[in-house]
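>>> predicted model follows, preceded by the sequence.
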There are 2 protein chains.
Amino acid sequence: MSGKRSLIRSGTTVDQMVRAIGDRIVTGFLRPGEKLDETSLAARFDVSRTPVREALGQLSAMGLVERRPNRGAIVAVVTQEHLASMFESMAELEAICARFSAERMTSSERRALEVEHQASARMVRLGAEEDYEYFNTEFHSRLYRGAHNAHIYEMTVMTRSRLAPFRRAQFMLPGRLAKSWQEHDAIVTAIMRGDGGAAGKAARDHVSIVSEASAVFAVGDQPKTASTAPVTRRLRTT
Amino acid sequence: MSGKRSLIRSGTTVDQMVRAIGDRIVTGFLRPGEKLDETSLAARFDVSRTPVREALGQLSAMGLVERRPNRGAIVAVVTQEHLASMFESMAELEAICARFSAERMTSSERRALEVEHQASARMVRLGAEEDYEYFNTEFHSRLYRGAHNAHIYEMTVMTRSRLAPFRRAQFMLPGRLAKSWQEHDAIVTAIMRGDGGAAGKAARDHVSIVSEASAVFAVGDQPKTASTAPVTRRLRTT
DNA sequence: TCAAAGGCAATTGCATGCACTTTTTGCCTC
DNA sequence: GAGGCAAAAAGTGCATGCAATTGCCTTTGA
């Protein structure tokens, strides 16, 4: 058993494993349906099977991993239908966050949202997709936090992370950034007005578009080969 | 190691432990802040510490248990604020379920909802609180299922179970049943009309009332003694 | 050639053991 | 009697080992 484990920082070994494996799933490095062999994972991360097992258990409780008793664990396979339900949930959750944000954000939160949003306009003009993506993530996080509701925050972040692999697989389309920005703008405007209803609606629409576009990602029974290849056009960024 | 383990049926030992411990938390048998000693639990259920540890890990991933590295696990302590956020989430989730139910329930689902709801009127007249509670639970479950969205269903059921200990602690108030039934009636009526907006609003209001009432359950830093004793009046059933 | 049966390798599930961390206890000092 | 320190006790974290289960592959019989 070599010296110190290298990967991932701090926390108990189990926590590290949860993060390590969870990240690999969320980022799409591990594919849905892929077998998660305890022994291999243990060897891969240079720990014993025990923490790996515990991590798999927790990931399974989170829905990222599927466990068949006595038959090992696989990366959770998300059916077309369940994917749709998650996107729909996401739209509803974002709508709630936006509505609450409109009603509850402090003035400094509002200011920060506005400032960041305006700053992101630059990324749109430059077509800097990577950078815009960063702003985009931050933008949505602000909405989640702005709702001032810890439990909704948890559910939203959780759902978003489970959708990450599907959102990530998006295409870079011309006009995508501008469109996304305009939708953000509608949300921001409504929030600044304190119009919860409008903010909610705008946020729901914003997410729904991605949902529809991603509906193409049929995941049915996901072979292990690279068949997840997006056979789709018309994907946008959230 | 005695013969077969008695408690709880089927599944792996870990699953059994998750259910066993989870139930005890949800039903309030284990109190928030209570220490969950691995060794004692293992002895109590006649298994080794390993499955107990895994179960605690999963329960912690579900938010029912809090784990302090190297310092053991306790039943999750829910702060006043977090409790409020969960009740608020619950109201929003129920609102979504009701709205979707109004838009999506099949005619047989609608019929069943209506029939059960009318049947529960009898319980109200008789003041049969226990029986009504059963109908009440079933009623809400129907809404969750009627939304036809697996992920929202999961989040709603999860949230509801985390709120269970607080809802359970309710008082039996005169007029509570009748009031609850009327609120259910508003929801049912809206759903039968297919009016999603009204159904959502009615459901949100229905839950909100409980939320306000339960706000009294300050849980702050929960001593180990039985100080959770409800120092409150005016609690209603969902 | 095919199907059923049996055995073998691989893998999971759980128990146990040991090292390390935290908490408690007992003793000493002030 | 209060405070502080150290040793002991308790309890957690992880590794390892073994029994049990599964899946595969070979064998056998028709």
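Happy to help now that I have it.
>>> what's the pLDDT at residue A:230?
Confidence per residue is given as pLDDT, and for residue A:230 that number is 33.
>>> run a quick neighbour tally on the closest residue to residue A:12 other than its chain neighbours.
Of all residues not flanking residue A:12 in the chain, residue B:69 sits nearest, at 5.2 Å (C-beta to C-beta, 6 or more residues apart in numbering or on different chains). Every C-beta, even on glycine, is put in place using the N, C-alpha and C of the backbone. The number of residues packed around residue B:69, counting by other C-beta atoms under 10 Å in any protein chain shown, is 10.
>>> same thing with residue A:74?
Neighbours of residue A:74 under the rule other C-beta under 10 Å: 20.
>>> quick check: phi and psi on it?
Main-chain dihedrals, residue A:74, degrees, to the nearest 10: phi -130, psi 160.
>>> I figured it hits residue A:31, correct?
No: counting by C-beta atoms under 8 Å, residue A:31 is not a contact partner of residue A:74; they are 9.6 Å apart.
>>> off-centre distance for the helix or strand of chain A with the lowest mean pLDDT?
Between all helices and strands in chain A, the lowest mean by mean pLDDT, DSSP states H and E belongs to helix A:196-214, at a mean of 87. Between the mean C-alpha point of helix A:196-214 and the mean C-alpha point of its chain there is a distance of 15 Å (C-alpha atoms, centre = their mean, to the nearest Å).
>>> go through the longest helix anywhere in chain A and flag the buried ones.
Across chain A, the helix with the greatest residue count (assigned by DSSP state H) is helix A:80-104. By 16 or more other C-beta atoms under 10 Å in any protein chain shown, the buried positions in helix A:80-104 come out as A:82-102.
>>> so which of the residues you listed reach chain B?
Cross-checking these against chain B (C-beta under 8 Å from any C-beta of the partner chain) gives A:82, A:85-86, A:88-89, A:92, A:96 as the overlapping residues.
>>> format those as a markdown table; extra columns: distance to residue A:187.
Rendered in a markdown table, the data for those read as follows (distance: C-beta to C-beta, whole Å):
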| residue | distance to residue A:187 |
| --- | --- |
| A:82 | 27 |
| A:85 | 23 |
| A:86 | 21 |
| A:88 | 18 |
| A:89 | 18 |
| A:92 | 15 |
| A:96 | 13 |
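>>> which residues touch the nearest residue to residue A:96 once chain neighbours are set aside?
In space, residue A:96 comes closest to residue B:92 once its chain neighbours are excluded; the distance is 5.3 Å by C-beta to C-beta, 6+ apart. Counting by C-beta atoms under 8 Å, 6 or more residues apart in numbering or on different chains, residue B:92 touches A:96, A:152, B:204.
>>> go with 10 Å
Residue B:92 makes contacts with A:92-93, A:95-96, A:99-100, A:147, A:149, A:151-152, A:155, B:156, B:159, B:200, B:203-204, B:207-208, as judged by C-beta atoms under 10 Å, 6 or more residues apart in numbering or on different chains.
>>> got it, and residue A:48?
Contacts of residue A:48 by C-beta under 10 Å, 6+ apart are A:1, A:13, A:38-39, A:42.
>>> residues contacting stretch A:97-105, please?
For stretch A:97-105, contacts defined as C-beta under 10 Å, 6+ apart pick out A:109-113, A:140-149, A:152-153, A:156, A:186-188, A:190-204, A:206-207, B:88, B:92.
>>> is any part of stretch A:72-79 close to DNA strand D?
No: interface with DNA strand D: stretch A:72-79 contributes nothing (C-beta under 7 Å from any atom of the strand), its closest point being 8.4 Å away.
>>> near chain B at all, that stretch?
Yes: with C-beta under 10 Å from any C-beta of the partner chain as the measure, stretch A:72-79 is seen reaching chain B through A:78-79.
>>> is that stretch up against DNA strand C anywhere?
Yes: if you take C-beta under 7 Å from any atom of the strand as the test, stretch A:72-79 does meet DNA strand C, through A:72-73.
>>> return the distance of that stretch from the chain's centre.
17 Å.
>>> tell me which residues of that stretch are tucked away?
Of the residues in stretch A:72-79, those buried under the neighbour-count criterion (16+ other C-beta under 10 Å) are A:73-76, A:78.
>>> measure it end to end?
Stretch A:72-79 has an end-to-end distance of 20 Å (C-alpha to C-alpha, to the nearest Å).
>>> and stretch A:187-207, by the same measure?
According to C-alpha to C-alpha, stretch A:187-207 extends 12 Å from its N-terminal end residue to its C-terminal end residue.
>>> give me the distance from that stretch to the chain's centre.
On C-alpha atoms, centre = their mean, the centre of stretch A:187-207 falls 21 Å from that of its chain.
>>> which parts of chain A are helices?
According to DSSP H, chain A carries its helices in the segments A:13-26, A:38-45, A:49-62, A:80-104, A:107-126, A:129-146, A:150-168, A:176-193, A:196-214.
>>> of all these, which one is nearest residue B:131?
Relative to residue B:131, the nearest member of the helices of chain A by C-beta to C-beta is helix A:150-168, separated by 30.8 Å.
>>> which strands and helices sit next to the closest one?
helix A:13-26, helix A:49-62, helix A:80-104, helix A:129-146, helix A:196-214, helix B:80-104, helix B:150-168 (3 or more C-beta pairs under 10 Å, 6 or more residues apart in numbering or on different chains; DSSP states H and E).
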